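A.B. asks: Build me a model from this:
(2 chains)
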Amino acid sequence: MIEFRNISKVYKMGEVEFVALQGVFITVRKGEFLSIMGPSGSGKSTLMNIIGCLDTPTAGFYYLEGENVAGLTFDQLSTIRNRKVGFVFQNFNLLPYATAYENIELPMLFNGKKGGERRQRVNELLEMVGLSPWARHRPTEMSGGQQQRVAIARALAMDPPIILADEPTGNLDSKSGHEIMEIFSQLWKGGRTILMVTHDPAIAAFSQRTIRLLDGAVQQDGAAT
Amino acid sequence: MRMQLLHLFWNEFRKRRKKTSLITFAIAWGTLSLLLLMSFGRGLSNAAGVSFKGLGSTMIMVTRGQTSKPFQGLPRARRIHIHMEDLELLKRQIPGIAMISPEANNRHNLSYRGKESNRSVNGVYPCFAEMRSQIPEAGGRFINDLDQEKARRVAFIGWSVARELFGDTDPVGKELRIEQTPFTVIGVMKKKQQSSMYQGPDSETVYIPFSTFCQIDFQRFLDRIHIRPADPGDALFMENQVRRVLGRKYRFADDDANAVNFWNTIRDYETGAKIFKGIEMFLSVIGALTLLIGAVGVTNLMYAVVKERTREIGIKMALGARRRHIVMQFFLETFAIFFKGTLWGTLIAFNIVSLVNLIPVGYEDFGIKAYLLRPIFSLDILIVFLVVLFVLVFISGIFPALRASRQNPIEALRYE
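C.D. replies: Here you go, the predicted model:
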């Protein structure tokens, strides 16, 4: 499903070059629950961004469901982000002035889904994350755990096969974090492929397989310990 | 697809309206200034046109003069008078005269039932009415050919004379005495704006047939000859023709500008119209500049908004927004601000123009009131305005919107 062949990413900051990823080979099969660990600056976020088509590699090949992503235009990448990938961020990244309902609806607006279809899907998702009564509330009126659940519902709006989560529990207390992880487990059991960046071995323990990165290279790839 | 975009835009805009209220006000203000300046400019220009026409706009007036250079042994500073027979001479010698009328005037005592006044009494031909824009009030008429032919004692009076002598009663059919000679009033002049005159306003004048005038007031000379050329474009040519014909008779040089005097209202009107059109355009430019300041404000605001919402743009890109979604969002916001501002500005301007037009302006108040209190809000003003506006919306909307859409999604997401 996801195949990295010799992916490198180099950032240029003026004269200085910073190597974020260096010759990475990763293959992720459909339905895997993968966690990516590593110290700060080891390239975890860059890896996630490339997988999520927010960023493009400097060298190497990235196949997403068999399609070579390199060379696609911004709008083609937008379509992939919209349909194939759902993002969950550490800081939730909800639109502050929009209600929970409107936040979840957002990806469907970019895809031109009709009003009735949107309404049905949003209500379905709100129920799934247990936030139906909070539909008309804004993120500022919710707890962190609730906000992250809205973010998960939003990531699922277009029913993407892949969920990318960047430290999804990083800003939450352990109880809320646990609840969020339960939701991810459910989603995984439902057949979705989940990739998650985390620092926390307890969180990584929910996954099937862990990749450790160090200085932009894969240090260890194997079953979770 | 479009409906979803509008939905998205509206969701966001209605929550952000308050932040844009000040700039909306600026746009409303700019719109108001532009529309009012254009309307008042148009009103000014129009009032000037109306007043010029009060004297008659397609007419050449010839009056006596004095030679300014020697000619064929004759000295300079000879007085040149014009006579009744010159009328026939001019008609015979110059083709292209559509109308010609003599005018002779003198001040006389007028009386009606014990009320008295001393006003100018003028003898003219029937065609004078059309040349000088003298329209009778309903129920009256101007002097006609029969009056002239039979030297009838009939009088057409200005509205001020009518009010002075007759008060509220209708003067038509009443007997007006001019120096004890009874005249029947046949008509009262309809009120008109008049900005140019030669012996006081027409409203204070009594007109009688030229033939009758010759009976009550013997004069050797004419005061004026009024000529209307068939083609108004010939005005200057006609003037030279008249000078040449009279010059041959009275012996003065063709290029002697002072031997007889001309008042060419056609030329005056054209010059005046150009000046007022110029003023109108000048006012419009000032208005447009005011609106431009508002537009610069919007551009500025939109750049600030784009910066403020960088993170949000990143989020949207991560959720699958295409470039055009982002462009449209900001462009629509610009458009909405303009729409709201201009809607208010237009409504207020329209109401001010309508209200100002309710202020009564008397026909005696030529000058400031007539020029300032009759603004005109017309369709072409609105069209010009909309074109200007469209350009401004486009310019002030597109650049911030493009900047927003060209951000790198990752950098935008990290923006604090």
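A.B. asks: gap between the two ends of stretch B:127-144?
C.D. replies: Counting by Cα to Cα, to the nearest Å, you get 8 Å between the two ends of stretch B:127-144.
A.B. asks: I meant stretch A:26-34, not that one.
C.D. replies: For stretch A:26-34, the separation between the terminal residues is 11 Å (Cα to Cα).
A.B. asks: wouldn't residue A:118 be in contact with residue A:108 here?
C.D. replies: Yes: at 4.8 Å, residue A:118 and residue A:108 qualify as touching, with contact defined as Cβ atoms under 8 Å. No exception for glycine: its C-beta is placed from N, CA and C like everyone else's.
A.B. asks: need the residues of chain A near chain B, please.
C.D. replies: Counting by Cβ under 8 Å from any Cβ of the partner chain, the residues of chain A lying close to chain B are A:49, A:52, A:54-55, A:74-75, A:78-79, A:81-83, A:87, A:89, A:93-95, A:97-98, A:102, A:106-113, A:115, A:154, A:158.
A.B. asks: Just the buried residues from those, in ChimeraX please.
C.D. replies: Only the buried members of the residues of chain A next to chain B enter the following ChimeraX selection, criterion being 16 or more other Cβ atoms under 10 Å in any protein chain shown:
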select /A:49,52,54,55,78,79,81,82,83,87,89,93,94,95,98,102,106,107,108,109,110,111,113,154,158
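A.B. asks: Restricted to strands, list the residues of chain A next to chain B.
C.D. replies: Among those, DSSP state E puts residue A:87 in strands.
A.B. asks: okay, and for the chain, where does confidence drop off?
C.D. replies: All of this is about chain A. Judged by pLDDT under 70, chain A has its weakly predicted residues at A:223-225.
A.B. asks: try again with chain B
C.D. replies: Using pLDDT under 70 as the threshold, the predicted model of chain B has low-confidence ranges B:1-3, B:50-58, B:362-370.
A.B. asks: Please enumerate the helices of it.
C.D. replies: B:2-16, B:21-55, B:84-93, B:128-131, B:145-150, B:159-166, B:210-216, B:235-250, B:265-308, B:310-318, B:323-358, B:368-372, B:379-405, B:409-414 (DSSP state H).
A.B. asks: so which of those helices comes closest to residue A:167?
C.D. replies: Put simply, out of the helices of chain B the one that sits nearest residue A:167 is helix B:409-414, at 13.5 Å, with distance taken as Cβ to Cβ.
A.B. asks: Any chance of the helices of chain B in JSON lines with mean neighbour count and distance to residue B:63 as columns?
C.D. replies: Converted to JSON lines, those look like this (neighbours: other Cβ atoms under 10 Å in any protein chain shown; distance: least, Cβ to Cβ, whole Å):
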{"stretch": "helix B:2-16", "mean neighbour count": "15", "distance to residue B:63": "70"}
{"stretch": "helix B:21-55", "mean neighbour count": "22", "distance to residue B:63": "14"}
{"stretch": "helix B:84-93", "mean neighbour count": "15", "distance to residue B:63": "12"}
{"stretch": "helix B:128-131", "mean neighbour count": "22", "distance to residue B:63": "15"}
{"stretch": "helix B:145-150", "mean neighbour count": "14", "distance to residue B:63": "22"}
{"stretch": "helix B:159-166", "mean neighbour count": "21", "distance to residue B:63": "24"}
{"stretch": "helix B:210-216", "mean neighbour count": "19", "distance to residue B:63": "16"}
{"stretch": "helix B:235-250", "mean neighbour count": "18", "distance to residue B:63": "11"}
{"stretch": "helix B:265-308", "mean neighbour count": "18", "distance to residue B:63": "13"}
{"stretch": "helix B:310-318", "mean neighbour count": "23", "distance to residue B:63": "78"}
{"stretch": "helix B:323-358", "mean neighbour count": "19", "distance to residue B:63": "39"}
{"stretch": "helix B:368-372", "mean neighbour count": "17", "distance to residue B:63": "27"}
{"stretch": "helix B:379-405", "mean neighbour count": "17", "distance to residue B:63": "40"}
{"stretch": "helix B:409-414", "mean neighbour count": "18", "distance to residue B:63": "81"}
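A.B. asks: Make CSV from those and add distance to chain A to it.
C.D. replies: Formatted as CSV, the entries for the helices of chain B read as follows, by distance: least, Cβ to the nearest Cβ, whole Å:
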stretch, distance to chain A
helix B:2-16, 4
helix B:21-55, 16
helix B:84-93, 81
helix B:128-131, 69
helix B:145-150, 80
helix B:159-166, 67
helix B:210-216, 84
helix B:235-250, 67
helix B:265-308, 11
helix B:310-318, 5
helix B:323-358, 6
helix B:368-372, 48
helix B:379-405, 9
helix B:409-414, 5
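A.B. asks: Those helices: which one's closest to residue A:38?
C.D. replies: Relative to residue A:38, the nearest member of those by Cβ to Cβ is helix B:409-414, separated by 18.4 Å.
A.B. asks: Take that closest one, keep the C-alpha atoms, and write them as PDB.
C.D. replies: Written as PDB, here are the backbone C-alpha positions of helix B:409-414 (Å, rounded to 0.1, in the frame of the first residue of the first chain):
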ATOM      1  CA  PRO B 409       1.400  23.500   3.300                       C
ATOM      2  CA  ILE B 410       4.000  22.300   5.800                       C
ATOM      3  CA  GLU B 411       5.300  25.800   6.600                       C
ATOM      4  CA  ALA B 412       1.700  27.000   6.800                       C
ATOM      5  CA  LEU B 413       0.800  24.300   9.300                       C
ATOM      6  CA  ARG B 414       3.800  25.200  11.500                       C
END
